[in-house]
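Trainee: predicted model, plus sequence, below.
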Amino acid sequence: MPAISMSFRSARFRLLAAGQLASGLGDALYAVALPWYVLRSQRGAVLLGIVLAAYGTARAAALLGGGWAADRWRPWPVMLAADSVRAVVVALLAVVAATGRPVAWNLVPIGVVAGAGEGLFLPGSSAVVPSLLPDEALEAGNAVLSGSGQLTGLLGPAIGGVVVAVIGPAAAFGVDAATFVVSALALAGVLAASRVARSAPMAAPAPAAPAPAEGGEAPGLWRLFRGQRLLQLFFLIPLMANLGAGAAFDIALPALARGPFSIGSSGYGALVACLAAGGLAGVVVSGRLGPGRRPGIRVAGIFLGAGAFLAAVPYLGGAIAAGACLVVSGGLVAIGNVLLLTMLQRWARAGSLGRVMSLIMLGSIGAFPLSVAAGGVAVQDLGPGPVFPSPWPSSC
């Protein structure tokens, strides 16, 4: 695809993609190691829900600040600081996992700091892309970054399941900390390249961010939200969808693998990899799609379809059927994410994209703390099946 090759002509985009590939692999290992470490304790599902709720609350609280900081100081230094902090705190988690059993008093503060770091990082990671690429390569660039995440999500859980089974969770946390260091170094290289480009007298100017619409300065975020149905729609729909998705993915799915499916940590890693495999296929499809007519309605329909397949996971007879549902759901989510991100990057005014992205992300993950806290209690008392809403009777 010519647009994808055009995106890789930017040295700064290549550095960004390489750093995100490394940290994405570490995150995939972490996603397997954390539930397996915490679920070994008594009432482990409740503790996992508490830790994830602390992480998610801090992440949601930091999102709007991360968007404001990305608009105020540019995304690079904010992302670099966030990755540096996360490298330290995940290294501390590796030490905790290697030296003791999971307890709330040390896991909750670690979750809070790690969640705040991600909240500061995420808005800038989406807002920065239009400053690196021309408009015609924007959708392809988003597909490349999303595809690298899906690729690490495909390979990482399978590797993480083996690492956790053979060596233990602490090793996976240590690898995750090292990948944050790699990402921080890549971002430092991007920041240095940006400064060189700005200081070079004959350097070609970087592609401009989307220009403001008529009337000068971009309005404040609250005023923008009140006046734009598009923002309201893509804040509320993900908020409602994620009331159930957080508990389903992060509490009920590992509990299904550990309990009714009896497939162990490697099998759980394979289920997470199914989700990523579908996502990778979805990214390939999204790179070939144009803007189309009525993109907002199209994206909403795609996300609703993804939710329907997720709801069916525990009710179709076992791990193989569950994996098939996760493949389809992951593919639809990936297509919807790329189309939504590109639509917002083209629509948002200059100087407000970081805050717009932070608001959309708040809608996507703002329900996560409530979802995992309630999901931990529900899985502990009722089992994992009821956490997946479905019209079929539960067999779990």
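Mentor: Here it is on my side, so go on.

Trainee: now do the helices in the stretch 151-300 of the chain.
Mentor: In the stretch 151-300 of the chain, the helices defined using DSSP state H, counting those that start in this stretch lie at 169-199, 221-227, 229-247, 253-258, 264-286, 295-311.

Trainee: list the contacts of stretch 121-128.
Mentor: Residues outside stretch 121-128 that contact it (Cβ atoms under 8 Å, 6 or more residues apart in numbering): 16, 20, 59, 63, 66-67, 69-71, 74-76, 78-79, 82-83, 86, 145, 341, 345, 353-355, 357-358, 361. Just so you know, the C-beta spots here come from the backbone N, C-alpha and C atoms, and that holds for glycine as well.

Trainee: how distant is it from the center of its chain?
Mentor: The chain centroid and the centroid of stretch 121-128 are separated by 11 Å under Cα atoms, centre = their mean, to the nearest Å.

Trainee: repeat for stretch 148-156
Mentor: Worked out by Cα atoms, centre = their mean, stretch 148-156 lies 12 Å from the chain centre.

Trainee: neighbouring contacts of it?
Mentor: Residues from elsewhere that reach stretch 148-156 (Cβ under 8 Å, 6+ apart): 17, 20-21, 24-29, 31-32, 272-273, 275-277, 279-280, 282-283, 330, 334.

Trainee: just stretch 360-373 next, same as before
Mentor: The set of residues external to stretch 360-373 that reach it, using Cβ under 8 Å, 6+ apart, is 48-50, 52-54, 56-57, 59-60, 63-64, 122-123, 126, 231, 234-240, 242-247, 250-251, 340, 344.

Trainee: make a PyMOL selection of the buried ones in those residues.
Mentor: To isolate the buried ones among these in PyMOL, judged by 16 or more other Cβ atoms under 10 Å, type:
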select buried, resi 48+49+50+52+53+54+56+57+59+60+63+64+122+123+126+231+234+235+237+238+242+243+244+245+246+247+250+251+340+344
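
Trainee: show me the shaky parts of the stretch 151-300 of the chain.
Mentor: Scanning the stretch 151-300 of the chain for pLDDT under 70 picks out 153, 194-224, 227, 230, 237-238, 241, 287-296.

Trainee: returning to what we had before: so which of the helices of the stretch 151-300 of the chain is the most packed in?
Mentor: Of the helices of the stretch 151-300 of the chain, the one with the most neighbours on average (mean count of other Cβ atoms under 10 Å) is helix 253-258, at a mean of 26.

Trainee: show me what that one is packed up against.
Mentor: The contact analysis (3 or more Cβ pairs under 8 Å, 6 or more residues apart in numbering; DSSP states H and E) places helix 253-258 against helix 264-286.

Trainee: report the angle between the helix it packs on and helix 169-199.
Mentor: With axes from the mean of the first three to the mean of the last three Cα atoms, to 10 degrees applied, the angle from helix 264-286 to helix 169-199 works out at 30 degrees.

Trainee: picking up where we left off before, redo the helices of the stretch 151-300 of the chain as JSON lines? Include distance to Gly149.
Mentor: JSON lines is the format used below for the helices of the stretch 151-300 of the chain (distance: least, Cβ to Cβ, whole Å):
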{"stretch": "helix 169-199", "distance to Gly149": "12"}
{"stretch": "helix 221-227", "distance to Gly149": "26"}
{"stretch": "helix 229-247", "distance to Gly149": "17"}
{"stretch": "helix 253-258", "distance to Gly149": "18"}
{"stretch": "helix 264-286", "distance to Gly149": "8"}
{"stretch": "helix 295-311", "distance to Gly149": "16"}
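
Trainee: nearest to Asp381, of these?
Mentor: helix 253-258 (11.8 Å; Cβ to Cβ).

Trainee: and that closest one, how far out from the chain's middle?
Mentor: Here helix 253-258 is found 21 Å from its chain centre; the criterion is Cα atoms, centre = their mean.

Trainee: for stretch 151-169, same thing?
Mentor: 18 Å.

Trainee: next: stretch 140-160.
Mentor: 11 Å.

Trainee: hey, C-alpha coordinates of it in CSV?
Mentor: Only the C-alpha atoms of stretch 140-160 are listed here, as CSV (Å, rounded to 0.1, in the frame of the first residue of the first chain):
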residue,chain,number,x,y,z
ALA,A,140,-2.3,4.3,7.0
GLY,A,141,0.0,5.6,9.8
ASN,A,142,-2.8,4.9,12.3
ALA,A,143,-3.1,1.4,10.9
VAL,A,144,0.6,0.8,11.2
LEU,A,145,0.6,1.9,14.9
SER,A,146,-2.5,-0.1,15.6
GLY,A,147,-1.2,-3.1,13.7
SER,A,148,2.0,-3.1,15.8
GLY,A,149,-0.1,-3.2,18.9
GLN,A,150,-2.1,-6.1,17.5
LEU,A,151,1.0,-7.9,16.5
THR,A,152,2.5,-7.7,20.0
GLY,A,153,-0.9,-8.6,21.4
LEU,A,154,-0.8,-11.7,19.2
LEU,A,155,2.8,-12.8,20.0
GLY,A,156,3.1,-11.4,23.6
PRO,A,157,0.4,-13.4,25.4
ALA,A,158,1.5,-16.7,23.9
ILE,A,159,5.1,-15.9,25.0
GLY,A,160,3.8,-14.5,28.3
